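*Asks:* next come a sequence and a model predicted from it.
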Amino acid sequence: MGNFVTVPSLNKHKKPVTPTDVNINTITKPEKNDRHIVHHNMPMDSESKLWVRVKKPYRRKPQTNKVCTTRYNIITFLPKNLFEQFHRIANIYFAILIGLNWVPALSAISRNCQWQDLSVGSIIRVNANDAVPADIILLSSSSKEDTCFLDTAAIDGETNLKQKTIPSCFLNIEYPETESFEIQCDLPNDDIYHFHGRLTLYPSLKIYSLDNANLLLRGCVLRITDYVDGIVIYAGNQTKIIKSSHHSASKRSLIEQFINRDVVASAIILTILCLVSAGFSVYWGQSFSNWQSVSFILDDPWDNVAAIFFTSALRFVILFQVMVPIALYVSLDIVRIIQMRAIASDKHLKYEHPISCRTFTINEDLGQIGYIFSDKTGTLTQNKLVFKSVSIGGIHYKDNNLELPVEDETVRYFLTALAVCNTVFIVNEHPELIDRIEFIPKYEADNADDLCLCQAAASLYGVRMMSKTAQKILVRYIDKSQNVVNVELELLCLLPFDSTRKRMSIIVRMNNQIFLFIKGAETSIWPHLNGFNNEVVKANTEQHIHMFAERGYRSLLVAYRQLTLTEFEEWYQCYTRAANLLEGREEAISETAVNIERNLILTGVTAVEDKLQDGVPESIESLRLAGIKIWLLTGDKQTISGAFHATTTTQTRQSASTFMCYYSSNKIEAEQELGRDTMLSIEELTTHTLTRMSEIIAAHLPHVCMIVTGDDLQTIFKYKAKEFIKIAADCESVMYCRVSATQKRELVTVAKQVFKSRILSIGDGANDVGMLREAHCGVAVFGREGSQAVAVGDFAVDRFECLRYLLLVHGAWCFSRTTELILYTFMHNAAYCAAALFDEHISADAALKNPELYQYTLKAKPYRIYHYWINFFDAVWQSACIFFIAYFAYLTNSEYDELSFGLSLICSMTITSLIHVLLQATRIGMLLGASVILSLLVFLGFTLIFDITCVTCLPAQSPYGVAYHVFKDPLFYLVTLLTCVCAMTPRYLIKCVYNSTVNPLIKYQKLQSTIIDTHF
């Protein structure tokens, strides 16, 4: 196959990557352009050489007295050992055999190339069940359909197989690797879902387009197909999977802003305290008339007073450094990690998969979610489509078991479109059964709608796609009499679905006639119908569309067009030019597709149902009662959205009580109020519409649901984005219809700028990735649309109803526990992990039965600015009690020296801190009680061990026997008891008054005896 080498870039500056030329037996200098180029069997015009010289100067080592008694050294080990081994004749024989096996022409063993040996331009063969070692362009396949099947679970987590096809230029070439060609493509990037390239064959100079259907990514596993051959296009760190494995931006919780605020306050207090203490220190030093006789005064207090003041202030900074708790962030991260593990192991959040936690820095934000931005399909619904009904030629066929008149032309074209206008491919598990009339192939597809409609056409109506290659499609028609007709369709062009056109079409040659079959959203096909469509059929079809939408069904219009050969050839030339572009290819193809997707003839409409997940209505109602507003972002039309809102509310309260406010209707009424003849700018009309909606919403509060379309949203974002978000915030819920992935992300971005509450986004598909990354908290759903959302989500759950337990229980617990840890750490600068891990300000049952309790953490009531100052002054009081009670008690006792006095203070401080933990806890469970007792025992054990073992640990005084002396004195216990009572009495009294008067949770005490707040 030839030798291939890659030209490295010699430019060390941070500039765009230089294209890579790959040739046989030579290296060419890369041209300076923005394309990645691969050559194969191309003539060479120039040569280049790269010389590398490494110099290592000889250094003479001095002779030492070192004696070496080993038999070998690092240099002589191998030759000496081989010499010894080859004394045995059998070893010489074995060595000869090994050498023969390393000769490629003689070796009977198949040698595989190592991944690291590959380079751009290498031709490789991948066998079945082997992983693809690099990003390669498919050249040939063992499959007669010129396709291959890939398992991409290692890349995107999707379990369904993906079909890849050979470029059209190699379909009739047996050995593509013998051809000379040049590939131009995108520079290495991280987009695993898009690829643009073009291939030029030499010497004919014909150009063919390459896309993602021809690209096999590194890490994919080849299935079903025996083998494929391909050319490496990206290798090593340039492969898409490596490029896409970058770290996502870290998210920070709102509580860290509160911590920064309190740290600044503590730093200010520390500065003031150090300056005042330094002033008193200077004043005290100058109070000694004979300062030379004072041992702790080293310098003249009257000499350079400013320097002494500055030095004293720095010393006090070191002494009072605990004012700013260094251990806070360490303790906080430890608690967060353990909280994350507790969430991940919760059985209430596990269905098919346990909850996945990808971050621990935003645990507290789960308790402060004010808005949820939710996708619909696959997130609130099961994404398991059920074919419900069809309308063909204006006739509604209610019963799916009813046999359709396949001989009718309209019905035949409608079912043919369902069978072939899709991304479905066939997995031939039993090819020997293909001739049987009852045989239905196994279909697979990336799109759930395509798969559902293709299966319905095959199983219900007898129009089956039996085989599909890159050039041919075999369709089998079975009529009422079980007569079989196989029709081969020549595939001329496939125009895939895109978010701009919102439709897909396929052009085929059938019975020597060229047809375009198309299906898509109502709004994307209806305007392109020609004027020869029967008006009665159109009216009936439109009525059926509204009927399906009212039932919550998803509908797609199906149409066709017959083309002449001249029309197709003229259009295909334009399409080829657009498909060969490297930049702006999707836009160009979309514009070209519009030119042929017109003058359509309507055939009918399909209806499929996507049922709600279990527990969705109850979860939505609980979240609303908790004060959380839910905004739905979907691609469905307005009517379906209205029906969906009714479905999610009828099980909890009457949907008739909710006022539906449509932006489009208000815009029309605003135009009528201002007069259609009045020359209004779009900005003025938008402003007037929003003003009108604001008045209407205010008159119908609180149960108002606003519905906005993607087209209207685009105009709003351009002129009055923030004003619109503020008006929408007054609604109970907002539903956005026909929105794109970009609009979802932009909506979250604008909402973050307006709302003070934290925003949670939840979705399951690739179009939800943007809003998951942009939101304060992104929750992905394990669904049927791959794992692209799961890969970027902060959390991943199986169902939407997991949010109820995740937010109302774990979110509230995490926020309450973390605030306890922060406030206690600022007060005592000691570990408070026990209460921060095990305390529950409310029980899980109470949180689920009374969602209103979530507003306690949603509004950050456990952590306000006055909490910091109350704890600060309480810490001052406790410190004063601990010090001065012991000081005056031991003032006249000569048996207490500095070490005895210090030990008494430490004991009082430790016991006071542990009592503080018990007083702060809502309920003292086994774990919390055990942790407090264990802390006390560890303290006493360490003190006693240190007392009997540390004889000369300290250079000035020995602590030996100090604890024994203090612990046998009854005065010590009296002082400790008095200190604890005096230090904790104010907090206990204020807490009793607070819990009995202003505690926001006290009204729920009758429902759950453990619901008692511990903060004030």
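*Replies:* Thanks, I have the structure now. Numbers count the residues shown, from 1 in each chain.
*Asks:* switch to C-alpha atoms for all contacts and neighbour counts from now on
*Replies:* OK.
*Asks:* next, count neighbours for residue 84.
*Replies:* When neighbours are counted by other C-alpha atoms under 10 Å, residue 84 registers 10.
*Asks:* cool, residue 36 as well?
*Replies:* 21.
*Asks:* can you pull the pLDDT of it?
*Replies:* On pLDDT, residue 36 comes in at 71.
*Asks:* pull the distance from the longest strand along the chain to the chain's centre.
*Replies:* As assigned by DSSP state E, the longest strand anywhere in the chain is strand 484-495. Centroid separation for strand 484-495 versus its chain: 40 Å, with C-alpha atoms, centre = their mean, to the nearest Å.
*Asks:* list the strands paired with it, with their directions.
*Replies:* Strands adjacent to strand 484-495 in the sheet, as given by DSSP bridges, are strand 472-478 (antiparallel), strand 503-510 (antiparallel).
*Asks:* what lies in contact with it?
*Replies:* 437, 470-478, 504-511, 593 (C-alpha atoms under 8 Å, 6 or more residues apart in numbering).
*Asks:* what comes up buried for stretch 130-150?
*Replies:* Within stretch 130-150, the residues scored as buried using 16 or more other C-alpha atoms under 10 Å are 131-141, 145-150.
*Asks:* hey, where'd the helices end up in the stretch 801-950 of the chain?
*Replies:* 802-805, 812-828, 833-838, 844-849, 855-858, 865-889, 898-920, 926-949 (DSSP state H, counting those that start in this stretch).
*Asks:* picking that back up, please indicate which of the contacts of strand 484-495 are buried?
*Replies:* Buried by 16+ other C-alpha under 10 Å: 470, 472-478, 504-509, 593, out of those.
*Asks:* ramachandran angles for the residue nearest to residue 754 when sequence neighbours are not counted?
*Replies:* Among residues not flanking residue 754 along the chain, residue 722 sits closest, at 6.6 Å (C-alpha to C-alpha, 6 or more residues apart in numbering). Per-residue torsions, residue 722: phi -70, psi -40 (degrees, to the nearest 10).
*Asks:* look up how far residue 713 lies from residue 722.
*Replies:* The gap separating residue 722 from residue 713 is 12 Å, by C-alpha to C-alpha, to the nearest Å.
*Asks:* can you check residue 736 too?
*Replies:* To residue 713, residue 736 is 8 Å away according to C-alpha to C-alpha.
*Asks:* those two: which has the busier surroundings?
*Replies:* When neighbours are counted by other C-alpha under 10 Å, residue 736 and residue 713 differ, and residue 736 comes out ahead with 26 against 20.
*Asks:* how about that one, what does it touch?
*Replies:* Contacts of residue 736 were listed using C-alpha under 8 Å, 6+ apart, and they are 631-634, 707-710.
*Asks:* the residues you listed in helices, which ones?
*Replies:* The members of the contacts of residue 736 that map onto helices under DSSP state H are residue 710.
*Asks:* out of the contacts of residue 736, list just those in strands.
*Replies:* If you go by DSSP E, those have 631-633, 707-709 in strands.
*Asks:* between those residues, which is nearest residue 977?
*Replies:* residue 631 (56.8 Å; C-alpha to C-alpha).
*Asks:* the longest helix along the chain: which residues count as buried?
*Replies:* Under DSSP H, the helix in the chain containing the largest number of residues is helix 255-286. Across helix 255-286, burial judged by 16+ other C-alpha under 10 Å covers 255, 258-259, 262-263, 266, 270-271, 273-275, 277-279, 281-282, 285-286.
*Asks:* give me the angle between it and helix 812-828.
*Replies:* Computed by axes from the mean of the first three to the mean of the last three C-alpha atoms, to 10 degrees, the angle separating helix 255-286 from helix 812-828 equals 10 degrees.
*Asks:* counting by contacts, list what helix 255-286 packs against.
*Replies:* Helices and strands touching helix 255-286, as assessed by 3 or more C-alpha pairs under 8 Å, 6 or more residues apart in numbering; DSSP states H and E, comprise helix 305-319.
*Asks:* give me the angle between the helix it packs on and helix 255-286.
*Replies:* What separates the directions of helix 305-319 and helix 255-286 is an angle of 130 degrees, with the same axes, to 10 degrees.
*Asks:* pull out the buried positions in helix 305-319.
*Replies:* Buried residues in helix 305-319, counting neighbours by 16+ other C-alpha under 10 Å, are found at 308-309, 312-314, 316-317.
*Asks:* okay, the angle between the helix or strand just after it and helix 255-286?
*Replies:* Later in the chain than helix 305-319, the nearest helix or strand by DSSP states H and E is helix 327-344. Helix 327-344 and helix 255-286 are oriented at 160 degrees to each other (the same axes, to 10 degrees).
*Asks:* what about dumping the CA coordinates of helix 327-344 to PDB?
*Replies:* Taking C-alpha atoms only, helix 327-344 is exported to PDB below (Å, rounded to 0.1, in the frame of the first residue of the first chain):
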ATOM      1  CA  ALA A 327      -9.800  25.400  57.200                       C
ATOM      2  CA  LEU A 328     -13.200  26.600  55.900                       C
ATOM      3  CA  TYR A 329     -12.600  25.700  52.200                       C
ATOM      4  CA  VAL A 330     -11.000  22.400  53.000                       C
ATOM      5  CA  SER A 331     -13.800  21.400  55.300                       C
ATOM      6  CA  LEU A 332     -16.400  22.700  52.800                       C
ATOM      7  CA  ASP A 333     -14.900  20.500  50.000                       C
ATOM      8  CA  ILE A 334     -14.800  17.400  52.200                       C
ATOM      9  CA  VAL A 335     -18.400  17.900  53.200                       C
ATOM     10  CA  ARG A 336     -19.400  18.500  49.600                       C
ATOM     11  CA  ILE A 337     -17.700  15.300  48.300                       C
ATOM     12  CA  ILE A 338     -19.400  13.200  51.000                       C
ATOM     13  CA  GLN A 339     -22.700  14.900  50.200                       C
ATOM     14  CA  MET A 340     -22.200  14.100  46.500                       C
ATOM     15  CA  ARG A 341     -21.500  10.400  47.400                       C
ATOM     16  CA  ALA A 342     -24.700  10.400  49.500                       C
ATOM     17  CA  ILE A 343     -26.700  11.700  46.600                       C
ATOM     18  CA  ALA A 344     -25.200   9.200  44.200                       C
END
